[in-house]
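J.: Take a look and give me a structure for this.
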Amino acid sequence: MKKYYVTGNTAKGLVNYISSNLQNIKQTVILKHPSDSLKTSLIQQVIDSYQSNYEIEVLLSALSSKYLDGVIIREKSLAVICDRVAKNNKIPNAVEIDCSLFTKNKPAINTELKEKIIHYTEKAYKNFRTGLSIHDDLEAIYINEMDFDRANELAQEFIQRIMKNQEKQNRKSTTYHRLFGTNTADGVVNEVPHITERMKKVYYIKGRAGTGKSTFMRKVVKSCKEYGFDIEVYHCSFDPGSMDMVLVPELEFCMFDSTDPHEFFPTREGEEIIDLYEEAVKPGTDEKYEEQITKVHNHYKSFMKQGVKELKKAGEYREKYESQFIFTEEDKNAIVECINQQVIQ
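T.: Numbering: from 1, shown residues only. Here you go, the predicted model:
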């Protein structure tokens, strides 16, 4: 079972990569209903039905750990996703199931609660945006002390190492865009250990803001594409324009930004650190700008923490909103039966 996110709460607002992950999927079931609890329960039933015989990709939710965005079963070329994720995306071969047709309880929707959820979520995004603008000042400190030629050399040396004895594939590369974690009502979460555990080689990219971690990974992605390998790109849940992880299944390796708030260290054979600060930044930079770095770091972190607090408030109103809906096992079984009989072949 694979677990990752296709949606994220970021400084750019809500990002959604569902379309990228539905490439080559022939059939997509969209579950339509105002309750995310109901849709999550149905998605979980699909997971339970198929996980013993198929490789399952579970789409975790940026709302909180209580919810799911969907499930993909590539061996069956099938996906089941919630309408919230499908919204504003062109999804070919999609069948929508209106779950309200199967539920006896049909409450009048409390629009005030919905507005509160939107209000606090937007406040979170505003805080994240402010935090990102402050974070740019932190990057500027290190960029001024960076040896970009050395950073380029490191990237080329790494590419030569992983591509040694590899032949170019006679096919076009497919890239899947995802997130390994995000900001949620539960706090800042990630699935890094789960995602990396299958890989024989794991590279922990260390460094500071602005020291080229994302640029390093982009160069690796470019090379892997040229060789025709499929790639999983995991975007930064703070600034989605940056990469936080690259995974190449066929080469059994991944590399990721192993710095706060997702800092890890090697624990097994086949794992190693690549430290761009040590290799490409003028020695003594941390010490030289210590006071300024601490001030900027604490300032941007304060906005990030406030943003998460706002998401928690949105989550509290979501729980009240979800409490409006009552659905029975009979209701859920009727919907699952509809999915099985009319959609899944």
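J.: only C-alpha atoms for contact and neighbour calcs from this point on.
T.: Fine.
J.: now the helices: where do they sit in this structure?
T.: 18-21, 36-50, 83-86, 111-143, 148-162, 192-196, 213-226, 276-280, 285-288, 290-322, 329-338 (DSSP state H).
J.: Just send those helices back as CSV, with mean pLDDT too.
T.: CSV is the format used below for these (pLDDT from 0 to 100):
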stretch, mean pLDDT
helix 18-21, 98
helix 36-50, 96
helix 83-86, 97
helix 111-143, 97
helix 148-162, 97
helix 192-196, 97
helix 213-226, 97
helix 276-280, 97
helix 285-288, 97
helix 290-322, 97
helix 329-338, 93
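J.: okay, those in JSON lines with distance to Val246 and mean neighbour count next?
T.: Converted to JSON lines, the helices of the chain look like this (distance: least, Cα to Cα, whole Å; neighbours: other Cα atoms under 10 Å):
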{"stretch": "helix 18-21", "distance to Val246": "15", "mean neighbour count": "18"}
{"stretch": "helix 36-50", "distance to Val246": "26", "mean neighbour count": "19"}
{"stretch": "helix 83-86", "distance to Val246": "23", "mean neighbour count": "19"}
{"stretch": "helix 111-143", "distance to Val246": "22", "mean neighbour count": "19"}
{"stretch": "helix 148-162", "distance to Val246": "13", "mean neighbour count": "15"}
{"stretch": "helix 192-196", "distance to Val246": "10", "mean neighbour count": "16"}
{"stretch": "helix 213-226", "distance to Val246": "7", "mean neighbour count": "19"}
{"stretch": "helix 276-280", "distance to Val246": "16", "mean neighbour count": "19"}
{"stretch": "helix 285-288", "distance to Val246": "27", "mean neighbour count": "13"}
{"stretch": "helix 290-322", "distance to Val246": "25", "mean neighbour count": "18"}
{"stretch": "helix 329-338", "distance to Val246": "36", "mean neighbour count": "15"}
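J.: Rebuild the ones you listed as JSON lines, extending it with distance to Asp69.
T.: Shown next, in JSON lines, are the helices of the chain (distance: least, Cα to Cα, whole Å):
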{"stretch": "helix 18-21", "distance to Asp69": "9"}
{"stretch": "helix 36-50", "distance to Asp69": "7"}
{"stretch": "helix 83-86", "distance to Asp69": "7"}
{"stretch": "helix 111-143", "distance to Asp69": "18"}
{"stretch": "helix 148-162", "distance to Asp69": "34"}
{"stretch": "helix 192-196", "distance to Asp69": "18"}
{"stretch": "helix 213-226", "distance to Asp69": "27"}
{"stretch": "helix 276-280", "distance to Asp69": "35"}
{"stretch": "helix 285-288", "distance to Asp69": "41"}
{"stretch": "helix 290-322", "distance to Asp69": "15"}
{"stretch": "helix 329-338", "distance to Asp69": "17"}
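J.: Of these, which is nearest Asp260?
T.: For those, the distance to Asp260 is smallest for helix 290-322, at 10.9 Å, taking Cα to Cα.
J.: helices and strands around the closest one, which ones?
T.: helix 111-143, strand 181-184, strand 187-190 (3 or more Cα pairs under 8 Å, 6 or more residues apart in numbering; DSSP states H and E).
J.: do you know which of the ones you listed lies nearest Ala280?
T.: helix 111-143 (10.1 Å).
J.: If you compare the directions of that closest one and helix 290-322, what angle comes out?
T.: 160 degrees (axes from the mean of the first three to the mean of the last three Cα atoms, to 10 degrees).
J.: how far does helix 111-143 sit from the chain's center?
T.: Counting by Cα atoms, centre = their mean, to the nearest Å, helix 111-143 is centred 17 Å from the centre of its parent chain.
J.: Against which helices or strands is it packed?
T.: strand 7-10, helix 290-322.
J.: Tabulate the ones you listed in a markdown table, adding columns for distance to Thr111.
T.: Listed next are those as a markdown table, based on distance: least, Cα to Cα, whole Å:
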| stretch | distance to Thr111 |
| --- | --- |
| strand 7-10 | 22 |
| helix 290-322 | 9 |
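J.: Could you point out which of the ones you listed sits nearest Ala334?
T.: helix 290-322 (20.5 Å).
J.: Just want the angle from the closest one to helix 36-50.
T.: Counting by the same axes, to 10 degrees, helix 290-322 lies at 90 degrees to helix 36-50.
J.: Nearest approach to Cys236 belongs to which of the helices of the chain?
T.: Nearest to Cys236, of the helices of the chain and by Cα to Cα, is helix 213-226 at 9.2 Å.
J.: Other residues contacting the closest one?
T.: Outside helix 213-226, the residues that touch it by Cα atoms under 8 Å, 6 or more residues apart in numbering are 151-152, 155, 159, 168, 172-174, 205-207, 230-231, 242-246, 255, 257, 276.
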